[in-house]
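S.K.: pasting a predicted model and its sequence here:
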Amino acid sequence: MRIPDEARAQLAVKFAVLFPHLDERQRRLLMGVEARVLEHGGIRAVARAAAVSETTVRKGVFELEAGEELLGRVRRPGGGRKRVADLDPGLRPALLALVEPDERGDPMSPLRWTVKSTRTLARELARAGHKVSADTVADLLREEGFSLQANAKTLEGGQHADRDAQFRYLNEQARGHRDAGQPVISVDTKKKELVGEFKNSGRSWRPAGEPAPVHIHDFADPHLGKAIPYGVYDVAANTGWVNVGTDHDTAAFAVESIRRWWSGQGQAAYPQATRLLITADAGGSNGYRTRAWKLQLARLAAETGLTITVCHLPPGTSKWNKIEVRHDAPLLPGRGERTLPPGCRSSPVKLRAADPWRRAGR
């Protein structure tokens, strides 16, 4: 197909205007594009209009078809729209004054409870005369080394002078019972769960647009109530046992859970046992001040013939109780164990290895 003379003239004018602003490769690519648009005879027409060889135009066509690496940024250094932080030198100091007071962690500092919201920070900066968007605030915070972080439980507060001696005593009691072949258990009430169709954390695979319907509130169903798991962890056997109640977390329920563990699992595992060591938190249904807990344990001791010893962990140290720490071993089922009722949100018991008690890092 013959290329009209008018088209070649227009190409010549276009090339004369653009070529002075393009580098060698950009010129080849431009000529290659024009040649592909003209199709048959385009390479020759473009070569004549640009006053170059047909080989140069053909090379530009090949580079386009090969999909070579992009040219990259060719903007002149310093060109483009200036950043807000460069135009407003006071923006960065004003932002840091909101999120990083002179004393880190000062609870009275402004916006201490809203620093996670970049929109709130942007509004506060706008009131101070700094026009900025929430996205820009987020970029500036990242540049200053900030990131979204959750609170870390690392502050223990005051520690009793006899704390180490308390744990040494607990450790000796556990080791003595264990070495003598006597059972040692760790007990605690785990997280209570509502029974019924309630919202639960996490997501599940379902057909698009068909989420599982649940109640809009978290009020307990008067007919179904709550599931109250009471865990018993056998330290030596490294097994866990759970009794699930549906009424209240009382001392009677706690001792009944231990009784069922002993009848269904403990007695078979320790047929020669004469003693039982129980470690528990200092409060709750098995707290050291609860008289009903002591009364029910006395009745259990009379029924079983066991000498029952209870060691309560000091206040504020319950996280070192064996049943509170996650362990690699699975929760093993046993006779007398009850599973959660249908529709109940699960709360797995956390287990730990069967070594004697010790405080991490102590």
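M.R.: Alright, I've got the coordinates.
S.K.: roughly how far apart are the nearest residue to Gln272 once chain neighbours are set aside and Ala269?
M.R.: Residue nearest to Gln272 in three dimensions, not counting chain neighbours: Gly181, with 6.7 Å by CB to CB, 6 or more residues apart in numbering. For glycine as for every other residue, the C-beta is placed from the backbone atoms N, C-alpha and C. Summarising the geometry, the distance separating Gly181 from Ala269, computed by CB to CB, to the nearest Å, is 10 Å.
S.K.: ok, the two, which is more surrounded?
M.R.: More neighbours surround Ala269 than the other of Gly181 and Ala269, with 15 against 12 (other CB atoms under 10 Å).
S.K.: chain neighbours aside, what residue packs nearest to that one?
M.R.: Ala237 (5.9 Å).
S.K.: residue ranges with poor pLDDT in the chain?
M.R.: Low-confidence segments of the chain, defined by pLDDT under 70, are located at 1, 68-80, 100-116, 150, 153-158, 325-362.
S.K.: tell me where it has strands.
M.R.: Across the chain, reading from the start of the chain, the strands by DSSP state E fall at 184-189, 193-194, 226-234, 239-245, 275-280, 307-312.
S.K.: Ser318 - how many residues pack around it?
M.R.: Taking other CB under 10 Å as the criterion, the count of residues near Ser318 is 17.
S.K.: and the one 3 residues further on, by the same measure?
M.R.: Other residues lying near Asn321 total 21 when counted by other CB under 10 Å.
S.K.: how much space between it and Glu193?
M.R.: Going from Asn321 to Glu193 by CB to CB gives 21 Å.
S.K.: how about Ser257?
M.R.: Spatial separation of Ser257 from Glu193 under the definition CB to CB is 16 Å.
S.K.: more crowded one of the two?
M.R.: Residue environment comparison for Ser257 versus Glu193 gives the larger neighbour count to Ser257, 26 against 20, counting by other CB under 10 Å.
S.K.: ok, Lys226 touching Ala220?
M.R.: Yes. In this structure, Lys226 sits in contact with Ala220. The criterion is CB atoms under 8 Å, and the distance is 5.7 Å.
S.K.: where do the contact lists of these two overlap?
M.R.: Counting by CB atoms under 8 Å, 6 or more residues apart in numbering, the common neighbours of Lys226 and Ala220 are Leu194.
S.K.: neighbour-wise, which of the two wins?
M.R.: Lys226 (18 against 14).
S.K.: now the more buried one, nearest residue through space, not along the chain?
M.R.: Lys192 (5.1 Å).
S.K.: what's near enough to touch the one you found?
M.R.: Contacts of Lys192 were listed using CB under 8 Å, 6+ apart, and they are Lys226, Ala227, Ile228, Pro229, Asp249.
S.K.: how about Val255?
M.R.: Trp293, Gln296, Leu297, Arg299, Leu300.
S.K.: any idea how far the second one lies from Gln272?
M.R.: Just to be clear, that refers to Gln296. The spacing between Gln296 and Gln272, counted by CB to CB, is 25 Å.
S.K.: could I get the full set of helices for the chain?
M.R.: When assigned using DSSP state H, the helices of the chain occupy the ranges 5-18, 24-38, 42-50, 54-66, 84-87, 91-99, 118-127, 134-143, 163-179, 251-261, 267-269, 291-304.
S.K.: tally of neighbours for Gln296?
M.R.: Using other CB under 10 Å, Gln296 has 22 neighbouring residues.
S.K.: thinking it is in contact with Phe253, fair?
M.R.: No. Under the criterion of CB under 8 Å, Gln296 lies out of contact with Phe253, with a separation of 9.3 Å.
S.K.: so which bits of stretch 217-234 are buried?
M.R.: The neighbour-count criterion (16 or more other CB atoms under 10 Å) identifies Leu224, Gly225, Lys226, Ala227, Ile228, Pro229, Tyr230, Gly231, Val232, Tyr233, Asp234 as the buried residues of stretch 217-234.
S.K.: same check, this time on stretch 11-29
M.R.: Going by neighbour count (16+ other CB under 10 Å), the buried part of stretch 11-29 is Leu11, Phe15, Phe19, Arg27, Arg28, Leu29.
S.K.: residue contacts, the nearest residue to the fifth one once chain neighbours are set aside?
M.R.: On the basis of CB to CB, 6+ apart, the spatially nearest residue to Arg28 that is not a chain neighbour turns out to be Gly60, at 3.4 Å. Applying CB under 8 Å, 6+ apart, one finds that Gly60 lies in contact with Arg27, Arg28, Leu29, Leu30, Met31, Gly32, Val33, Ala35.
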